[in-house]
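Q: Have a look at this prediction, sequence included:
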Amino acid sequence: MADGTFTTEDGATIFYKDWGRRDAQPLVFHHGWPLSADDWDAQMMFFLGEGFRVIAHDRRGHGRSSQTDTGNEMDTYAADVVQLARTLDLKNAVHIGHSTGGGEVAHYVARAEPGRVSKAVLIGAVPPIMLKTEANPAGLPIEVFDGFRAALVANRAQFFLEIPTGPFYGYNRAGAEVSQGVIQNWWRQGMMGGAKAHYDCIKAFSETDFTEDLKKIDVPVLVMHGTDDQIVPYADSAPLSVKLLKNGTLKSYEGFPHGMTTTHAEIINTDLLAFIKS
């Protein structure tokens, strides 16, 4: 078991890691914007040690996958995961998504082939919808995301330094234990991807309405969110998602940042394991 690639219907090459025994229960990890499968190192190593088969792919336009200029939206992201599940013949899998990856998980699980998915986890995830609309008055105004787009075009390398140095890991909070390695690793992952795909993905994660996806999902879903999430504000995401899910459980983490899978990996891994085994 190592890594590999597959080619999508529109010709994109998708990179994935696939570690562990083929007959073990698969856990599939979906990364956030603008990162890669490498963002799950702390989880992949932990769950491999617990005897699971662990899988993570680089979303199209991200990491080692093709730097696509098209298909950078949720329908295609979910279709790519459908193909990943077929390629690896995944059954009874647990799909775990962080941030944008949580939106991808919701969009995929609502469309998954029977028998493919047993449970799902949304961590600091973008559903139901981030953008402020008439139906979502507490959302973030479009100007926030326009600012993201402008900063990416003006100086992506600098923008991708400012996000992890500040709000992503809560390193802008008093008393935070800042890791320069974590900041540089975020930057490294971001700069591996394509600027056009990252630009398009801002619309995908901010404007996609996952309400109907959440209503369709029948499997148990754990929704994990830090109350000090400065990227995906807590009040307009996790509690609203749980209300829409048929079988959802909310687990809140007081004072935890958006990137809590890295900053608080031991706590998150322990809680994930308990949910997967429940």
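A: Everything's here; your move.
Q: And residue 229, how close does it get to residue 116?
A: 29 Å (Cβ to Cβ, to the nearest Å). (Each C-beta comes from the backbone N, C-alpha and C, glycine too.)
Q: Neighbour count: these two, which is higher?
A: Neighbour count, other Cβ atoms under 10 Å: between residue 229 and residue 116, residue 229 has more, with 24 against 21.
Q: surely that one meets residue 126?
A: No - at 10.8 Å, residue 229 does not count as touching residue 126 under the criterion of Cβ atoms under 8 Å.
Q: Quick check: closest non-adjacent residue to residue 260.
A: Excluding its sequence neighbours, the residue lying closest to residue 260 (Cβ to Cβ, 6 or more residues apart in numbering) is residue 226, at 4.9 Å.
Q: Okay, buried residues for stretch 127-144 please.
A: 127-132, 136, 139-140 (16 or more other Cβ atoms under 10 Å).
Q: Which members of these are the farthest-apart pair?
A: Taking Cβ to Cβ as the measure, those span a maximum distance of 15.2 Å, between 127 and 132.
Q: before we move on, back to that, what count of nearby residues applies to the residue nearest to residue 260?
A: If we define neighbours as other Cβ under 10 Å, then residue 226 has 25 of them.
Q: Check residue 115 too.
A: So residue 115, with other Cβ under 10 Å, has 10 neighbours.
Q: That one should be in a helix, yeah?
A: No - according to DSSP: H, G, I helix; E, B strand; the rest coil, the state of residue 115 is coil, so it is not within a helix.
Q: Find residues that contact each of residue 229 and residue 126.
A: residue 237 (Cβ atoms under 8 Å, 6 or more residues apart in numbering).
Q: hang on, isn't residue 169 packed against residue 258?
A: Yes - the pair residue 169 / residue 258 is scored as a contact, 7.3 Å apart, by Cβ under 8 Å.
Q: Could you report the separation of residue 9 from residue 116?
A: 18 Å.
Q: So for the longest helix anywhere in the chain, mean pLDDT?
A: With secondary structure taken from DSSP state H, the chain has its longest helix at helix 142-165. Taken as a whole, helix 142-165 carries a mean pLDDT of 98.
Q: same check, this time on stretch 172-192
A: Averaging pLDDT along stretch 172-192 yields 98.
Q: the helices in the protein, which residues?
A: Secondary structure of the chain (DSSP H): helices at 41-49, 74-87, 100-109, 142-165, 180-192, 195-207, 211-216, 238-244, 260-263, 265-277.
Q: most neighbours per residue, which of those?
A: Of all these, helix 100-109 has the most neighbours on average by mean count of other Cβ atoms under 10 Å, namely a mean of 29.
Q: contacting residues around that one?
A: 29-33, 59, 74-75, 77-78, 81-82, 95-97, 117, 120-127, 201, 204-205, 208, 210, 213-214, 217, 219, 221, 241.
Q: at 7 Å what do you get?
A: 30-33, 74, 77-78, 81-82, 95, 97, 117, 120, 122-123, 125-127, 201, 205, 208, 210, 213-214, 217, 219 (Cβ atoms under 7 Å, 6 or more residues apart in numbering).
Q: Stretch 198-210 now?
A: Stretch 198-210 has contacts (Cβ under 7 Å, 6+ apart) with 33-34, 61, 72-74, 100, 103, 106-107, 126-131, 145, 148-149, 152.
Q: export it as CSV, just CAs?
A: Output of stretch 198-210 as CSV, limited to C-alpha atoms (Å, rounded to 0.1, in the frame of the first residue of the first chain):
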residue,chain,number,x,y,z
HIS,A,198,-7.6,28.1,-5.5
TYR,A,199,-9.4,31.2,-6.8
ASP,A,200,-12.4,29.2,-8.0
CYS,A,201,-12.6,27.2,-4.8
ILE,A,202,-13.3,30.3,-2.8
LYS,A,203,-16.6,30.5,-4.5
ALA,A,204,-17.2,26.8,-4.0
PHE,A,205,-16.6,26.9,-0.3
SER,A,206,-18.4,30.2,0.4
GLU,A,207,-21.4,30.1,-1.8
THR,A,208,-22.4,26.4,-2.1
ASP,A,209,-25.6,25.7,-0.1
PHE,A,210,-25.3,22.3,1.5
